[in-house]
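Novice: Here is a sequence with its predicted model. Questions after.
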Amino acid sequence: MKLVIAIIRPESLDNVKQSLFDAEIHKMTVHTVKGCGQQKGYTESYRGAIRTVNLLPKVRIEIAVNDEFVQPTIDAVIRAARSGNIGDGKIFVLPIERCIRIRTGEEGGAAIG
């Protein structure tokens with residue numbers, strides 16, 4: 001079992017969700033977050049004052065999958081989120097030690113599937 005975390009541009013969310021659905025991956029958690037990486041933000045002028053904005057809006061998608069769905073999940077996110085520009089995002093894959101479905105008490109891969 002793995003937790004796939006994707007940090008993407010907000011405007012890519014609908015395409016990423018559709019790509020995941022097409023890959024038969026339907027369960028995910030989505031958060032609105034702010035962050036910076038190579039993009040380093042931008043400067044803007046507001047009422048004559050120059051302001052640096054270095055935390056940009058991003059979307060964090062968390063997807064718990066069984067091992068056989070890790071690569072299809074990664075491929076689906078990349079297919080939909082890649083524009084080739086700085087700021088497209090990152091994908092992290094972490095091991096899940098234990099998963100329990102609260103409603104039924106199922107554990108492990110059965111709780112994720």
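Specialist: Received, thanks. Numbering: from 1, shown residues only.

Novice: ok, which stretches of the protein are strands?
Specialist: Ranges of strands within the chain are 2-8, 29-35, 42-46, 49-53, 56-65, 89-95, based on DSSP state E.

Novice: what does the average pLDDT come to for the third one?
Specialist: Mean per-residue pLDDT for strand 42-46: 74.

Novice: Likewise for the first one?
Specialist: Within the predicted structure, the mean pLDDT of strand 2-8 is 98.

Novice: Can I get that strand in CSV, CA atoms only?
Specialist: Taking Å, rounded to 0.1, in the frame of the first residue of the first chain, the C-alpha atoms of strand 2-8 are listed here in CSV:
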residue,chain,number,x,y,z
LYS,A,2,1.3,3.4,-0.9
LEU,A,3,0.2,7.0,-0.5
VAL,A,4,0.7,9.0,-3.7
ILE,A,5,0.8,12.8,-3.1
ALA,A,6,0.7,15.1,-6.1
ILE,A,7,1.2,18.9,-5.8
ILE,A,8,-0.2,20.4,-9.0
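
Novice: Okay, now the sheet partners of it, with direction.
Specialist: strand 56-65 (antiparallel), strand 89-95 (antiparallel) (DSSP bridges).

Novice: Would you mind finding the most buried of those?
Specialist: strand 56-65 (a mean of 19; mean count of other C-beta atoms under 10 Å). Just so you know, the C-beta spots here come from the backbone N, C-alpha and C atoms, and that holds for glycine as well.

Novice: and the nearest residue to Lys90 once chain neighbours are set aside, how many residues sit next to it?
Specialist: Leaving aside its chain neighbours, Lys90 sits nearest to Ile7 (5.0 Å; criterion: C-beta to C-beta, 6 or more residues apart in numbering). Residues near Ile7, counting by other C-beta atoms under 10 Å, number 19.
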